[in-house]
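K.L.:
Below: sequence and its predicted model.
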Amino acid sequence: MKTFPAAEAFRGGDGLIRVVGHRGARGVLPENTMLGFEYAMSTGAHLLEFDVVMTADSVPVITHNHRLHAPTYRDENGCFLTSEPKVADLTFEQIQTYEIGRIDGTSAYGRRFPDQSQIDGLRVPRLSDLMSRVVQPQYQAAHLMLEIKSDPDFAFDAGYRSKLVAEVIAVVREAGLDQRTLLHSFDWNLLAECQRQAPDIPASFLTQLPDNADEVGEDSAKSISPDFSGIETQIPDLVAKAGGALWCPYLDDVTSQGVSRAHELGLVVAVWTVNEPEDIDRMIDLCVDAIVSDYPGRVQRRLSDHGFQWVSP
């Protein structure tokens, strides 16, 4: 199996489990913001997971949903949105009129993150903005788990999907970060396109079994993900067969057998999204390679208490 430097940065070992800051550090700072990313990296969580969508003028921007997210986007009057226009229908300049530094605590989504700071003046970053920061010397240990969001509306538009992948890869290569980036998705067909265009950049395969509930306030990936019903135990083999370097399963789907099989196949196992102490402890017991969390500091604390490190010596 071919090895990639970017994938190896997520691999654990004896006494070593990596920490991945999910959307920066969503539990404590506004998600998918430069402030959140810089905070995570400054605490030693050098591995970042984030989401990329393309605007109407073909700018890859860092945001999770395909539509502007009402509980986290505010208009020019400082009001949370009551409708959600699509990112693909807006130019980057238009998206910059919205602020993303607060969360609506009255919403079901907002109630999930009661400790998230409220900060004015934050805007949606371009992928290139994060890349230009990561190349700075103080962040040389940083590696990126770049999730390309697959829009169901474009599921059968090969031209659009090819352009999306090409635009993302172009930004990564221009920054010289192709050896520090994973291309990451629930859409295995989109990952195949990534591999066609950039065989030197490792692919990371996200999975979630269909019987698990979608997370509140977030786009579901089930319509663009393979259906694993009846073949749950075969997922690591399917990831390896598809050329994956990393398998990223949902925390409720992980078993010791799955982790063992993935490791036999040479796959890195990074589990999402692990926030509660008892779940973090379970991941430690399972010897996963990396833990993706909205609370990277919480994961560091649990690892430290168990005698684990999260960075290589």
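P.N.:
Here it is on my side, so go on.
K.L.:
CA atoms for contacts and neighbours, from now on please.
P.N.:
Noted.
K.L.:
Pairing partners for the helix or strand harbouring residue 146, with directions?
P.N.:
Using DSSP states H and E, residue 146 falls within strand 143-148. Using DSSP bridges, strand 143-148 pairs in its sheet with strand 47-54 (parallel), strand 181-185 (parallel).
K.L.:
possible to save those as TSV with mean pLDDT?
P.N.:
Shown next, in TSV, are the strands paired with strand 143-148 (pLDDT from 0 to 100):
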stretch	mean pLDDT
strand 47-54	98
strand 181-185	98
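K.L.:
which of the ones you listed sits most buried?
P.N.:
Burial of those is given as mean neighbour count (mean count of other Cα atoms under 10 Å); strand 181-185 ranks first at a mean of 26.
K.L.:
Please pull up the helix or strand immediately following that one.
P.N.:
Criterion used, DSSP H and E; the element after strand 181-185 is helix 188-197.
K.L.:
That next one vs strand 181-185, what angle?
P.N.:
150 degrees (axes from the mean of the first three to the mean of the last three Cα atoms, to 10 degrees).
K.L.:
Return helix 188-197 as PDB; C-alpha atoms alone will do.
P.N.:
Output in PDB follows, covering the C-alpha atoms of helix 188-197 (Å, rounded to 0.1, in the frame of the first residue of the first chain):
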ATOM      1  CA  TRP A 188     -16.800   8.200  -2.800                       C
ATOM      2  CA  ASN A 189     -17.400   9.100  -6.500                       C
ATOM      3  CA  LEU A 190     -16.100  12.600  -5.800                       C
ATOM      4  CA  LEU A 191     -13.000  11.000  -4.100                       C
ATOM      5  CA  ALA A 192     -12.500   9.000  -7.200                       C
ATOM      6  CA  GLU A 193     -12.400  12.200  -9.200                       C
ATOM      7  CA  CYS A 194      -9.900  13.600  -6.600                       C
ATOM      8  CA  GLN A 195      -7.700  10.600  -7.200                       C
ATOM      9  CA  ARG A 196      -7.900  11.000 -11.000                       C
ATOM     10  CA  GLN A 197      -6.900  14.600 -10.800                       C
END
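K.L.:
what does that helix contact?
P.N.:
150, 161-162, 165-166, 183-185, 201-203, 205, 225-226, 242 (Cα atoms under 8 Å, 6 or more residues apart in numbering).
K.L.:
at 10 Å what do you get?
P.N.:
Under the criterion Cα atoms under 10 Å, 6 or more residues apart in numbering, residues 148-150, 155, 158, 161-162, 164-166, 168-169, 183-185, 198-207, 224-226, 239, 242-244 lie in contact with helix 188-197.
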